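Participant: my questions are about this predicted structure, shown below with the sequence.
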Amino acid sequence: MDGDLKIKLECLSIAWAAGNTIAWPIMYVLSGYLPSGISLGCIAFIWYTVLKYNQTAKELWGKWTKK
């Protein structure tokens with residue numbers, strides 16, 4: 001896979017995970033919608049895969065935490 005495309009897809013996956021995580025509190029405040037256990041499990045799975053397998057996320061986390 002082209003390196004530039006790989007970096008773009010990894011950044012997109014980080015943004016997608018962050019957007020889904022931010023969407024739930026906003027939906028609750030605006031409409032009173034409570035997420036189901038399955039949707040919260042999906043968000044946890046998304047973050048697990050991003051932090052475990054996404055090399056760009058690992059590099060950013062290392063910079064942010066100074067490791």
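Facilitator: Yep, it's here.
Participant: give me the pLDDT for the most centrally placed residue in the chain.
Facilitator: In the chain, the centroid-proximal residue (CA atoms, centre = their mean) is Ala17; its distance is 2.2 Å. Per-residue pLDDT puts Ala17 at 91.
Participant: quick check, it in contact with Tyr48.
Facilitator: No - using CB atoms under 8 Å, Ala17 is not in contact with Tyr48; the gap is 9.7 Å. To be clear about C-beta, it is placed using only N, CA and C from the backbone, and glycine gets the same treatment.
Participant: need the helix or strand of this structure with the lowest average pLDDT.
Facilitator: Using mean pLDDT, DSSP states H and E, helix 55-65 stands out as the lowest-scoring helix or strand of the chain, at a mean of 88.
Participant: flag every buried residue along it.
Facilitator: Neighbour counts over helix 55-65 (16 or more other CB atoms under 10 Å) mark Thr56, Ala57 as buried.
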